[in-house]
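**Student:** Below are the sequence and a predicted model for it; my questions follow.
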Amino acid sequence: MTTVFEVYPENPQPRIIKQAADMLRKGAILAVPTDSSYALVCHLDDKNAVDRMRRIRQINDKHHLTLLCRDLSELANYARVDNRQYRLLKLATPGPYTFILEASKEVPKRLSHPSRKTIGLRVPDRKGLQLLLEELGEPLLATTLIAPGETEPLNDADSILERFPHELDAVVDSGACPQQPTTVLDLTPMASNNPPVVVRQGMGSLKDIGLQPE
């Protein structure tokens with residue numbers, strides 16, 4: 001049976017955050033609200049949980065999973081970041097952006113893109129999720145919660161429980177969040193003095209980070 005954690009969005013209860021973190025350490029898959037849509041998350045180093053998360057989403061190993069990081073300094077531990085990339089990251093974090101960067105040696109090889117050696121990273125701007133990352137003391141592995149065969153992400157706990165009645169170990173319910181996914185930016189071309197590539201236009205504004213007028 002799926003556990004439902006009811007969390008206050010502005011004042012998340014520390015006891016519940018700790019319970020959710022303990023479940024993740026034991027291999028659980030959780031649905032959590034972010035500053036964009038809901039995401040599925042699991043422990044970074046748990047291969048069985050990672051494989052199970054891919055099966056739930058019905059995605060293969062060529063689909064980028066995302067590391068959710070507490071801040072920019074933690075993000076820089078898992079990616080190779082040059083000065084131009086860093087300036088853009090500083091403008092856009094925390095916020096609803098996912099960045100594709102060259103993976104550092106800290107990233108397990110099975111998690112980076114099999115041919116490109118890249119990884120998706122983001123720093124979310126949602127209090128409960130930030131507290132969960134602090135409690136864990138390390139990034140979470142995540143993917144946007146889009147049900148197989150659908151194109152729109154899920155954004156509230158009731159819809160998630162209806163769509164996935166048995167597959168998830170827990171759902172964090174702190175009310176509905178936006179139904180848009182993150183804006184995905186491939187920053188790897190910047191290493192060769194080329195502009196970043198917009199892979200997906202989502203909730204994150206391009207204008208706000210100086211990439212495009214809107």
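**Tutor:** Structure received. Numbers count the residues shown, from 1 in each chain.

**Student:** could you pull out the helices for this structure?
**Tutor:** Along the chain, counting by DSSP state H, helices occupy 14-25, 47-57, 72-78, 83-92, 127-136, 157-163.

**Student:** Quick one: closest of those helices to residue 144.
**Tutor:** For residue 144, the closest of the helices of the chain is helix 47-57, at 8.4 Å, according to Cβ to Cβ. The way it works is simple: take the backbone N, C-alpha and C, and place the C-beta from them, glycine included.

**Student:** hang on, the earlier thing: how about the helices of the chain in CSV, adding mean neighbour count and mean pLDDT?
**Tutor:** CSV is the format used below for the helices of the chain (neighbours: other Cβ atoms under 10 Å; pLDDT from 0 to 100):
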stretch, mean neighbour count, mean pLDDT
helix 14-25, 17, 96
helix 47-57, 17, 93
helix 72-78, 17, 92
helix 83-92, 16, 95
helix 127-136, 20, 96
helix 157-163, 16, 93
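
**Student:** and of those, who's closest to residue 198?
**Tutor:** Evaluated over these, closeness to residue 198 peaks at helix 83-92, with 12.5 Å, by Cβ to Cβ.

**Student:** could I get the helices of the chain as CSV with distance to residue 144?
**Tutor:** Compiled in CSV, the helices of the chain are given as follows (distance: least, Cβ to Cβ, whole Å):
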stretch, distance to residue 144
helix 14-25, 18
helix 47-57, 8
helix 72-78, 18
helix 83-92, 17
helix 127-136, 14
helix 157-163, 12
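
**Student:** Which of those helices sits closest to residue 103?
**Tutor:** In terms of Cβ to Cβ, the element of the helices of the chain nearest to residue 103 is helix 72-78, at 6.9 Å.

**Student:** so how far is the closest one from its chain's centroid?
**Tutor:** Distance of helix 72-78 from the chain centroid (Cα atoms, centre = their mean, to the nearest Å) equals 14 Å.

**Student:** Next: stretch 186-196.
**Tutor:** So, by Cα atoms, centre = their mean, the centroid of stretch 186-196 is 22 Å from its chain's centroid.

**Student:** Quote the end-to-end distance of that stretch.
**Tutor:** Distance across stretch 186-196, first residue to last, is 6 Å (Cα to Cα, to the nearest Å).

**Student:** now stretch 124-144
**Tutor:** Note: stretch 124-144 ends 12 Å apart using Cα to Cα.

**Student:** Leaving out sequence neighbours, find the closest residue to the residue lying farthest from the centre of the chain.
**Tutor:** When each C-alpha in the chain is compared with the mean C-alpha position (Cα atoms, centre = their mean), residue 193 comes out farthest, at 27.0 Å. Excluding the flanking residues, the one nearest residue 193 by Cβ to Cβ, 6 or more residues apart in numbering is residue 84, at 8.0 Å.
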